[in-house]
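Student: Quick one: sequence and predicted model below, then my questions.
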Amino acid sequence: MGTTRGRLHGKVAVLTGIASGIGRATALTFAREGAIVVGGDRDAPGGARTVEIARQAGLSVEFRPLEATDPASVRAFIDGAVADYGRIDALFNNVGVNLVRMLPDVTDEEWDVTVDTNLKSVFLGCRVAIPHMARQGAGAIVNNASNAGLIGRPGDPVYCATKHAIVGLTKSLALGHGPHGIRVNAICPGPIETPMVSSMREASVDRAAFDRNVAGQTALKRIGAAEEVADLVAFLCSDGARFITGAAIPIDGGKAAGMIPGMIVP
Ligand SMILES: NC(=O)c1ccc[n+]([C@@H]2O[C@H](COP(=O)([O-])OP(=O)(O)OC[C@H]3O[C@@H](n4cnc5c(N)ncnc54)[C@H](O)[C@@H]3O)[C@@H](O)[C@H]2O)c1
(Lines give C-alpha, C1' and ligand atoms only; values in the text may rest on other atoms or scores of the structure.)
Protein backbone atom coordinates (compact mmCIF):
# COMPACT_ATOMS: atom_id res chain seq x y z
CA MET A 1 0.00 0.00 0.00
CA GLY A 2 1.59 3.28 -1.06
CA THR A 3 0.99 6.63 0.57
CA THR A 4 -1.43 8.94 -1.22
CA ARG A 5 -0.86 12.65 -1.36
CA GLY A 6 -3.74 14.97 -0.55
CA ARG A 7 -5.43 16.88 -3.32
CA LEU A 8 -3.92 20.12 -2.00
CA HIS A 9 -0.49 18.81 -1.11
CA GLY A 10 1.93 21.69 -0.50
CA LYS A 11 -0.48 24.40 -1.60
CA VAL A 12 -0.58 27.60 0.45
CA ALA A 13 -4.24 28.31 1.22
CA VAL A 14 -5.66 31.44 2.82
CA LEU A 15 -9.16 31.11 4.25
CA THR A 16 -11.42 33.67 5.91
CA GLY A 17 -14.01 32.98 8.61
CA ILE A 18 -12.44 29.81 10.01
CA ALA A 19 -13.73 30.26 13.57
CA SER A 20 -17.05 28.61 12.78
CA GLY A 21 -19.25 26.67 10.41
CA ILE A 22 -18.20 26.22 6.78
CA GLY A 23 -14.89 28.05 7.28
CA ARG A 24 -13.84 25.80 10.16
CA ALA A 25 -14.79 22.65 8.24
CA THR A 26 -12.90 23.90 5.17
CA ALA A 27 -9.76 24.68 7.18
CA LEU A 28 -9.80 21.12 8.54
CA THR A 29 -10.45 19.57 5.12
CA PHE A 30 -7.69 21.64 3.50
CA ALA A 31 -5.23 20.59 6.21
CA ARG A 32 -6.25 16.94 5.73
CA GLU A 33 -5.69 17.35 1.98
CA GLY A 34 -2.12 18.51 2.60
CA ALA A 35 -2.44 22.30 2.29
CA ILE A 36 -0.57 24.83 4.40
CA VAL A 37 -3.59 26.55 5.94
CA VAL A 38 -3.56 30.18 7.07
CA GLY A 39 -7.00 31.07 8.39
CA GLY A 40 -8.41 34.33 9.68
CA ASP A 41 -11.42 35.46 11.64
CA ARG A 42 -12.42 38.28 13.97
CA ASP A 43 -13.47 35.67 16.55
CA ALA A 44 -10.12 34.83 18.16
CA PRO A 45 -11.41 32.23 20.66
CA GLY A 46 -13.29 30.48 17.83
CA GLY A 47 -10.17 30.55 15.70
CA ALA A 48 -8.14 29.06 18.55
CA ARG A 49 -10.77 26.33 18.88
CA THR A 50 -10.38 25.45 15.17
CA VAL A 51 -6.62 25.21 15.65
CA GLU A 52 -7.18 22.93 18.65
CA ILE A 53 -9.65 20.67 16.80
CA ALA A 54 -7.08 20.38 14.01
CA ARG A 55 -4.29 19.59 16.47
CA GLN A 56 -6.35 16.85 18.11
CA ALA A 57 -6.86 15.32 14.65
CA GLY A 58 -3.11 15.43 13.99
CA LEU A 59 -3.50 18.33 11.55
CA SER A 60 -2.05 21.82 11.39
CA VAL A 61 -4.06 25.02 10.90
CA GLU A 62 -2.62 28.46 11.54
CA PHE A 63 -4.94 31.17 12.85
CA ARG A 64 -4.44 34.90 12.44
CA PRO A 65 -6.79 37.69 13.56
CA LEU A 66 -8.69 39.26 10.68
CA GLU A 67 -11.32 41.95 10.23
CA ALA A 68 -12.46 41.07 6.73
CA THR A 69 -14.17 44.42 6.11
CA ASP A 70 -11.05 46.44 6.91
CA PRO A 71 -8.65 47.04 4.00
CA ALA A 72 -5.54 47.26 6.18
CA SER A 73 -6.40 44.08 8.07
CA VAL A 74 -7.05 42.12 4.86
CA ARG A 75 -3.80 43.37 3.32
CA ALA A 76 -1.78 42.43 6.41
CA PHE A 77 -3.46 39.00 6.52
CA ILE A 78 -2.83 38.02 2.90
CA ASP A 79 0.50 39.79 2.39
CA GLY A 80 1.64 38.24 5.69
CA ALA A 81 0.84 34.72 4.48
CA VAL A 82 2.68 35.37 1.22
CA ALA A 83 5.69 36.82 3.08
CA ASP A 84 5.83 33.79 5.40
CA TYR A 85 5.16 31.01 2.89
CA GLY A 86 6.37 32.55 -0.37
CA ARG A 87 3.14 32.28 -2.34
CA ILE A 88 -0.65 32.00 -2.23
CA ASP A 89 -2.20 29.15 -4.21
CA ALA A 90 -5.76 29.37 -2.92
CA LEU A 91 -8.01 32.00 -1.38
CA PHE A 92 -11.41 31.15 0.14
CA ASN A 93 -13.44 34.31 0.74
CA ASN A 94 -15.97 32.87 3.17
CA VAL A 95 -17.07 35.37 5.81
CA GLY A 96 -20.70 36.36 5.66
CA VAL A 97 -23.71 37.34 7.71
CA ASN A 98 -27.41 36.92 7.04
CA LEU A 99 -30.06 39.59 7.49
CA VAL A 100 -33.61 38.29 7.54
CA ARG A 101 -35.53 41.57 7.24
CA MET A 102 -38.07 42.95 4.75
CA LEU A 103 -36.56 45.92 2.92
CA PRO A 104 -38.67 48.75 4.39
CA ASP A 105 -37.45 47.72 7.86
CA VAL A 106 -33.73 47.61 6.99
CA THR A 107 -31.70 50.32 8.72
CA ASP A 108 -28.77 52.14 7.12
CA GLU A 109 -26.45 50.39 9.54
CA GLU A 110 -27.83 46.93 8.74
CA TRP A 111 -27.37 47.61 5.02
CA ASP A 112 -23.76 48.70 5.57
CA VAL A 113 -22.86 45.76 7.83
CA THR A 114 -24.41 43.20 5.47
CA VAL A 115 -22.91 44.66 2.30
CA ASP A 116 -19.49 45.19 3.90
CA THR A 117 -19.32 41.74 5.49
CA ASN A 118 -20.56 39.79 2.47
CA LEU A 119 -19.39 41.81 -0.53
CA LYS A 120 -16.70 44.28 0.46
CA SER A 121 -14.79 41.41 2.12
CA VAL A 122 -14.67 39.56 -1.24
CA PHE A 123 -13.54 42.72 -3.04
CA LEU A 124 -10.79 43.32 -0.49
CA GLY A 125 -9.55 39.72 -0.50
CA CYS A 126 -9.44 39.51 -4.29
CA ARG A 127 -7.79 42.92 -4.62
CA VAL A 128 -4.85 41.81 -2.51
CA ALA A 129 -4.58 38.19 -3.71
CA ILE A 130 -4.89 38.67 -7.47
CA PRO A 131 -1.60 40.57 -8.01
CA HIS A 132 0.29 37.86 -6.06
CA MET A 133 -1.39 35.10 -8.09
CA ALA A 134 -0.80 36.97 -11.34
CA ARG A 135 2.92 37.20 -10.53
CA GLN A 136 2.92 33.45 -9.92
CA GLY A 137 0.90 32.84 -13.09
CA ALA A 138 -1.43 30.61 -11.08
CA GLY A 139 -4.00 30.65 -8.29
CA ALA A 140 -7.53 29.64 -7.37
CA ILE A 141 -10.10 31.84 -5.66
CA VAL A 142 -13.39 30.53 -4.28
CA ASN A 143 -16.00 33.02 -3.13
CA ASN A 144 -18.76 31.81 -0.81
CA ALA A 145 -22.05 33.07 -2.26
CA SER A 146 -25.29 31.18 -1.58
CA ASN A 147 -28.46 29.87 -3.12
CA ALA A 148 -29.40 33.47 -2.50
CA GLY A 149 -26.89 34.37 -5.22
CA LEU A 150 -28.90 32.42 -7.78
CA ILE A 151 -32.55 32.90 -6.82
CA GLY A 152 -34.51 35.70 -5.24
CA ARG A 153 -35.99 35.20 -1.78
CA PRO A 154 -38.64 37.43 -0.26
CA GLY A 155 -37.42 37.36 3.34
CA ASP A 156 -33.79 38.47 3.03
CA PRO A 157 -33.46 40.84 0.05
CA VAL A 158 -30.24 42.55 1.18
CA TYR A 159 -28.50 39.22 1.74
CA CYS A 160 -29.70 38.12 -1.72
CA ALA A 161 -28.39 41.33 -3.27
CA THR A 162 -24.94 40.82 -1.78
CA LYS A 163 -24.80 37.17 -2.85
CA HIS A 164 -25.92 37.93 -6.43
CA ALA A 165 -23.21 40.61 -6.50
CA ILE A 166 -20.61 38.04 -5.44
CA VAL A 167 -21.62 35.84 -8.38
CA GLY A 168 -21.29 38.79 -10.80
CA LEU A 169 -17.92 39.77 -9.33
CA THR A 170 -16.73 36.16 -9.54
CA LYS A 171 -17.64 35.79 -13.22
CA SER A 172 -16.05 39.13 -14.12
CA LEU A 173 -12.83 38.36 -12.25
CA ALA A 174 -12.66 34.94 -13.91
CA LEU A 175 -12.83 36.63 -17.31
CA GLY A 176 -10.41 39.38 -16.41
CA HIS A 177 -7.74 37.22 -14.78
CA GLY A 178 -8.07 33.84 -16.50
CA PRO A 179 -5.33 34.97 -18.90
CA HIS A 180 -3.06 35.34 -15.83
CA GLY A 181 -3.66 31.73 -14.82
CA ILE A 182 -6.11 32.60 -12.07
CA ARG A 183 -9.36 30.64 -11.65
CA VAL A 184 -12.23 32.32 -9.80
CA ASN A 185 -15.38 30.41 -8.83
CA ALA A 186 -18.32 30.90 -6.52
CA ILE A 187 -20.10 28.28 -4.46
CA CYS A 188 -23.79 28.58 -3.77
CA PRO A 189 -24.70 26.55 -0.70
CA GLY A 190 -28.27 25.83 0.31
CA PRO A 191 -29.14 25.22 3.96
CA ILE A 192 -26.03 24.00 5.79
CA GLU A 193 -25.93 23.05 9.46
CA THR A 194 -23.82 25.83 11.01
CA PRO A 195 -24.38 28.44 13.72
CA MET A 196 -25.90 30.68 11.00
CA VAL A 197 -28.74 28.17 10.56
CA SER A 198 -28.94 27.00 14.18
CA SER A 199 -29.42 30.60 15.37
CA MET A 200 -32.40 30.90 12.99
CA ARG A 201 -33.74 27.59 14.32
CA GLU A 202 -33.39 28.84 17.92
CA ALA A 203 -35.26 32.04 17.02
CA SER A 204 -38.15 30.16 15.40
CA VAL A 205 -41.41 29.42 17.25
CA ASP A 206 -41.51 25.75 16.21
CA ARG A 207 -38.04 24.26 15.76
CA ALA A 208 -39.23 20.96 14.31
CA ALA A 209 -41.35 22.85 11.77
CA PHE A 210 -38.31 25.00 10.94
CA ASP A 211 -36.29 21.87 10.15
CA ARG A 212 -39.11 20.32 8.11
CA ASN A 213 -39.56 23.52 6.14
CA VAL A 214 -35.86 24.12 5.48
CA ALA A 215 -35.09 20.51 4.56
CA GLY A 216 -38.31 20.29 2.53
CA GLN A 217 -37.08 23.08 0.24
CA THR A 218 -34.35 20.77 -1.05
CA ALA A 219 -34.88 17.89 -3.47
CA LEU A 220 -32.85 15.64 -1.14
CA LYS A 221 -34.99 16.60 1.88
CA ARG A 222 -32.20 17.39 4.27
CA ILE A 223 -29.96 20.13 5.59
CA GLY A 224 -26.37 19.82 4.35
CA ALA A 225 -23.20 19.44 6.40
CA ALA A 226 -20.36 21.97 6.45
CA GLU A 227 -17.94 19.16 5.52
CA GLU A 228 -19.85 18.62 2.27
CA VAL A 229 -19.26 22.25 1.31
CA ALA A 230 -15.62 21.98 2.38
CA ASP A 231 -15.17 19.07 -0.05
CA LEU A 232 -16.39 21.22 -2.94
CA VAL A 233 -14.06 24.09 -2.01
CA ALA A 234 -11.14 21.67 -1.81
CA PHE A 235 -11.99 20.28 -5.24
CA LEU A 236 -12.25 23.76 -6.76
CA CYS A 237 -8.83 24.70 -5.35
CA SER A 238 -7.26 21.44 -6.55
CA ASP A 239 -5.70 20.68 -9.92
CA GLY A 240 -8.69 18.46 -10.65
CA ALA A 241 -10.67 21.65 -11.28
CA ARG A 242 -8.04 23.16 -13.60
CA PHE A 243 -10.54 23.90 -16.41
CA ILE A 244 -13.29 25.27 -14.14
CA THR A 245 -13.54 29.04 -13.78
CA GLY A 246 -16.30 31.63 -13.71
CA ALA A 247 -18.74 29.06 -12.34
CA ALA A 248 -21.35 29.57 -9.63
CA ILE A 249 -21.88 26.05 -8.35
CA PRO A 250 -24.94 25.14 -6.29
CA ILE A 251 -24.35 22.78 -3.36
CA ASP A 252 -27.84 22.71 -2.05
CA GLY A 253 -29.51 19.32 -2.36
CA GLY A 254 -31.26 20.63 -5.48
CA LYS A 255 -32.92 23.64 -3.87
CA ALA A 256 -32.07 26.08 -6.69
CA ALA A 257 -33.04 23.65 -9.44
CA GLY A 258 -36.64 24.87 -9.39
CA MET A 259 -39.80 25.07 -7.38
CA ILE A 260 -40.54 22.11 -5.12
CA PRO A 261 -44.30 21.36 -4.91
CA GLY A 262 -45.66 23.02 -1.78
CA MET A 263 -42.47 25.03 -1.33
CA ILE A 264 -42.62 27.90 1.11
CA VAL A 265 -39.70 30.29 0.61
CA PRO A 266 -38.80 32.04 3.85
N1 LIG B 1 -25.04 28.04 6.64
C2 LIG B 1 -25.74 28.17 5.53
O3 LIG B 1 -26.83 27.61 5.42
C4 LIG B 1 -25.20 28.98 4.38
C5 LIG B 1 -25.87 28.89 3.16
C6 LIG B 1 -25.41 29.62 2.07
C7 LIG B 1 -24.28 30.41 2.20
N8 LIG B 1 -23.64 30.48 3.40
C9 LIG B 1 -22.46 31.35 3.47
O10 LIG B 1 -21.36 30.64 4.00
C11 LIG B 1 -20.48 31.56 4.67
C12 LIG B 1 -20.14 31.01 6.04
O13 LIG B 1 -21.36 30.86 6.75
P14 LIG B 1 -21.53 29.91 8.01
O15 LIG B 1 -22.88 29.32 7.90
O16 LIG B 1 -20.34 29.06 8.19
O17 LIG B 1 -21.62 31.05 9.14
P18 LIG B 1 -20.98 31.18 10.59
O19 LIG B 1 -21.70 32.30 11.20
O20 LIG B 1 -20.95 29.85 11.26
O21 LIG B 1 -19.46 31.60 10.27
C22 LIG B 1 -19.10 32.86 9.78
C23 LIG B 1 -17.71 33.19 10.28
O24 LIG B 1 -17.33 34.44 9.71
C25 LIG B 1 -16.74 35.24 10.73
N26 LIG B 1 -16.89 36.65 10.38
C27 LIG B 1 -18.07 37.29 10.13
N28 LIG B 1 -17.83 38.58 9.82
C29 LIG B 1 -16.47 38.73 9.86
C30 LIG B 1 -15.61 39.83 9.61
N31 LIG B 1 -16.09 41.04 9.28
N32 LIG B 1 -14.27 39.64 9.74
C33 LIG B 1 -13.79 38.44 10.09
N34 LIG B 1 -14.55 37.36 10.35
C35 LIG B 1 -15.88 37.51 10.23
C36 LIG B 1 -17.49 34.87 12.00
O37 LIG B 1 -16.77 35.23 13.16
C38 LIG B 1 -17.65 33.37 11.80
O39 LIG B 1 -16.54 32.65 12.32
C40 LIG B 1 -21.20 32.91 4.65
O41 LIG B 1 -20.71 33.71 3.61
C42 LIG B 1 -22.65 32.53 4.39
O43 LIG B 1 -23.37 33.57 3.79
C44 LIG B 1 -24.06 29.78 4.49
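Tutor: Looks like it arrived, so ask away.
Student: And what about Phe63, helix, strand or coil?
Tutor: Assigned state for Phe63: strand (three-state reduction, DSSP: H, G, I helix; E, B strand; the rest coil).
Student: and it, what are its bridge partners?
Tutor: Assessed by DSSP bridges, Phe63 has beta-bridge partners Gly39.
Student: Could you report the neighbour count for it?
Tutor: Counted with other CB atoms under 10 Å, the neighbours of Phe63 add up to 23. All C-beta atoms are positioned from the backbone trio N, CA, C, and that covers glycine.
Student: looking at it, it is touching Leu15, isn't it?
Tutor: No. Under the criterion of CB atoms under 8 Å, Phe63 makes no contact with Leu15, lying 10.1 Å away.
Student: what touches both of the two?
Tutor: Contact criterion CB atoms under 8 Å, 6 or more residues apart in numbering; residues bridging Phe63 and Leu15 by contacting each: Gly39, Gly40.
Student: Can you list phi and psi of Asp41 for me?
Tutor: Per-residue torsions, Asp41: phi -170, psi 160 (degrees, to the nearest 10).
Student: Roughly how far does it sit from the ligand?
Tutor: According to CB to the nearest ligand atom, to the nearest Å, Asp41 and the ligand sit 4 Å apart.
Student: Quick check: chain neighbours aside, which residue is closest to that residue?
Tutor: Distances taken as CB to CB, 6 or more residues apart in numbering place Ala19 nearest to Asp41, at 3.7 Å, with adjacent residues excluded.
Student: Just the pLDDT for Lys255.
Tutor: Here, the pLDDT recorded for Lys255 equals 96.
Student: quick one: it and the ligand, what's the gap?
Tutor: Using CB to the nearest ligand atom, Lys255 is found at 10 Å from the ligand.
Student: looking at it, that residue is touching Ile192, isn't it?
Tutor: No. Counting by CB under 8 Å, Lys255 stays clear of Ile192, with 11.0 Å between them.
Student: for the ligand, what are the nearby residues on the stretch 151-266 of the chain?
Tutor: Neighbours of the ligand within the stretch 151-266 of the chain, by CB under 6 Å from any ligand atom: Pro189, Pro191, Ile192, Thr194, Pro195, Met196, Val197.
Student: From Val37, how far out is the fifth one?
Tutor: To Val37, Pro195 is 21 Å away according to CB to CB, to the nearest Å.
Student: just the fourth one next, same as before
Tutor: In this structure, Thr194 and Val37 are separated by 19 Å, where distance is defined by CB to CB.
Student: Could you list every helix and strand in contact with the helix or strand that contains Thr29?
Tutor: Thr29 is part of helix 21-32, with elements assigned from DSSP states H and E. Applying 3 or more CB pairs under 8 Å, 6 or more residues apart in numbering; DSSP states H and E, we find helix 21-32 packed against strand 12-16, strand 36-41, helix 44-56, strand 61-65, strand 90-93, helix 226-237.
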